[in-house]
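> Got a predicted structure here, sequence first:
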Amino acid sequence: MKSVFNSIGRQLLPWSISIGALVYVFGYKIDWQSIPDATNDANIPLFIAITIFDKISFFLVWGLFQAAAIRQFVERIPIRKIMAVKGASELVRTVNNSLADATFLLGVAQLVQTAEVARVVAIASIPFVAHFAVLLLQATLALGLLEGGISGNPDVALLVLLCWVVVGIVSVAVRMGYLRIVLDRLGIGGWIDSVKPRELLPYVGWFALFGIYDIGIQGLAARSFGLEISWVALMARIPMMYVAMLIPSLGNFGTREIAFANLFEEFGSEKTLYAFAFCTNTIFLGMHAIIGALFVGRAIALLREVRAVRKSGQPVPRPILRDAIDP
């Protein structure tokens, strides 16, 4: 009974934090009457255009990177099928990022014939690991460029330190064989041996380029809203934004606003910072719904087709002609 309560408590705690953040932001911190004043210096059409382009590019890049990893290490599923499932999962992202990622992984697992769900999850996680590595290197480099250095930016310094500690712990676990024991229990230990570190380097390289783009697009969006956030500050604190958004929340509302307003408080008034984060979230919410609606029908039909073929005992048919995006 105690273990049941502990399990329920671990699941409810993050959502309790999220609800608290929503109440704090929407009931206390945001002055709804001041939002029009907060956008006086904003070029709203340009801001909307940049933010929409930001969302579309993130969807395409993450979808194609995950498709590349799945095709390289699991099975050469047509990219259009993986992107259909990825697109449909965006509808779930209107509620929560973690639920959307889980929906995508489970959907792709239905398309795979030659691997278990655990392996699909591990493979599709390669872009997340590559992104983490790039963000850590990015924040570490930016820490030396920020005005005030380590002593003047204790928040960035603490995050960088904690992340390097995590890297150190994982490295020790690998060398001592503890990580292999865990992977064997998951049934993917043998597969890990077949993946060479050099095969993962292209993902790190692509995410390094994408990191530069990320800084640029977020900087342009902020400037179109009247916020002159320095490029070095974006470089250092974008990783912190992503860490904050790991907290379960309803559409990232609440957590994004609090994190953004606190991380970039020296670059604008509080009402403008909260308005920017809120408007960004609102546009992203709409884009999640639109992308999801465009793909959900195709994804459901595809998964039904795969299940029906498997129940009949026949192999899943392969396309005779490949799409142009299927190399």
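Yep, that arrived.
> Skipping adjacent residues, who's closest to residue 50 in space?
residue 221 (4.6 Å; CB to CB, 6 or more residues apart in numbering). Every residue, glycine included, has its C-beta placed from N, CA and C.
> do you know how far that neighbour is from residue 57?
Using CB to CB, to the nearest Å, residue 221 is found at 12 Å from residue 57.
> More neighbours: which of those two?
For residue 221 versus residue 57, the count of surrounding residues by other CB atoms under 10 Å is larger for residue 221: 23 against 14.
> For that one, give me the pLDDT.
Model confidence at residue 221, expressed as pLDDT, equals 96.
> Just the buried positions in the stretch of helix or strand it belongs to, please.
Following DSSP states H and E, one finds residue 221 within helix 197-224. Within helix 197-224, the residues that qualify as buried by neighbour count (16 or more other CB atoms under 10 Å) are 200, 203-204, 206-207, 210-211, 214-215, 217-224.
> quick one: buried residues of the host helix or strand of residue 185?
Under the assignment given by DSSP H and E, the secondary-structure element containing residue 185 is helix 178-186. The neighbour-count check on helix 178-186 (16+ other CB under 10 Å) flags 179, 183 as buried.
> Next, please give the residue ranges for the helices of the stretch 101-250 of the chain.
Under the criterion DSSP state H, counting those that start in this stretch, the stretch 101-250 of the chain carries helices at the ranges 117-124, 126-143, 149-152, 154-175, 178-186, 189-194, 197-224, 231-244.
> can you tell me which of these the model trusts least?
The minimum mean pLDDT among those belongs to helix 189-194 (a mean of 64).
> angle of the helix holding residue 185 against helix 154-175?
Using axes from the mean of the first three to the mean of the last three CA atoms, to 10 degrees, the direction of helix 178-186 lies 70 degrees away from that of helix 154-175.
> Distance to residue 98 added to the helices of the stretch 101-250 of the chain, as CSV?
Written out in CSV, the entries for the helices of the stretch 101-250 of the chain read as follows (distance: least, CB to CB, whole Å):
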stretch, distance to residue 98
helix 117-124, 13
helix 126-143, 12
helix 149-152, 32
helix 154-175, 19
helix 178-186, 19
helix 189-194, 24
helix 197-224, 20
helix 231-244, 13
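> mind checking which of those helices is nearest residue 50?
helix 197-224 (4.6 Å; CB to CB).
> what packs against the closest one?
Based on contacts counted as 3 or more CB pairs under 8 Å, 6 or more residues apart in numbering; DSSP states H and E, the elements that helix 197-224 packs against are helix 44-73, helix 126-143, helix 231-244.
> how many other residues sit next to the closest residue to residue 56 other than its chain neighbours?
Closest residue to residue 56 in three dimensions, ignoring its sequence neighbours and counting by CB to CB, 6+ apart: residue 287, at 7.2 Å. For residue 287, the tally of surrounding residues (other CB under 10 Å) stands at 20.
> ok, so what distance separates residue 287 from residue 128?
For residue 287, the distance to residue 128 (CB to CB) stands at 21 Å.
> what does residue 222 give?
Per CB to CB, residue 222 is found 25 Å from residue 128.
> Same question for residue 200.
Spatial separation of residue 200 from residue 128 under the definition CB to CB is 12 Å.
> And for residue 295, the neighbour number?
Around residue 295 there are 20 residues (other CB under 10 Å).
> ok, now which ones touch it?
83, 84, 85, 86, 87, 88, 90 (CB atoms under 8 Å, 6 or more residues apart in numbering).
> Setting the sequence-adjacent residues aside, check what's closest to it.
residue 87 (2.7 Å).
> Tell me who's in contact with the one you found.
For residue 87, the residues meeting the contact criterion (CB under 8 Å, 6+ apart) are 59, 63, 291, 292, 294, 295, 296, 298, 299.
> Any chance of a markdown table for the residues you listed, columns secondary structure, pLDDT and distance to residue 39?
Putting the contacts of residue 87 into a markdown table (DSSP: H, G, I helix; E, B strand; the rest coil; pLDDT from 0 to 100; distance: CB to CB, whole Å) gives the following:
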| residue | secondary structure | pLDDT | distance to residue 39 |
| --- | --- | --- | --- |
| 59 | helix | 93 | 26 |
| 63 | helix | 91 | 32 |
| 291 | helix | 92 | 26 |
| 292 | helix | 88 | 28 |
| 294 | helix | 87 | 29 |
| 295 | helix | 84 | 32 |
| 296 | helix | 81 | 33 |
| 298 | helix | 74 | 37 |
| 299 | helix | 72 | 37 |
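> measure the nearest residue to residue 150 once chain neighbours are set aside to residue 142 for me?
In space, not counting the residues next to it along the chain, residue 150 is nearest to residue 157; the distance is 4.6 Å by CB to CB, 6+ apart. With the distance defined as CB to CB, residue 157 ends up 11 Å from residue 142.
> Looking at those two, which is more packed in?
A count of neighbours by other CB under 10 Å puts residue 142 above the other of residue 157 and residue 142, at 22 against 18.
> my guess is the more buried one contacts residue 231, does it?
No. With contact defined as CB atoms under 8 Å, residue 142 does not count as touching residue 231 (9.4 Å).
> Relative to residue 262, which of the helices and strands packed on helix 197-224 is closest?
Comparison of the helices and strands packed on helix 197-224 against residue 262 by CB to CB identifies helix 231-244 as nearest, at 9.0 Å.
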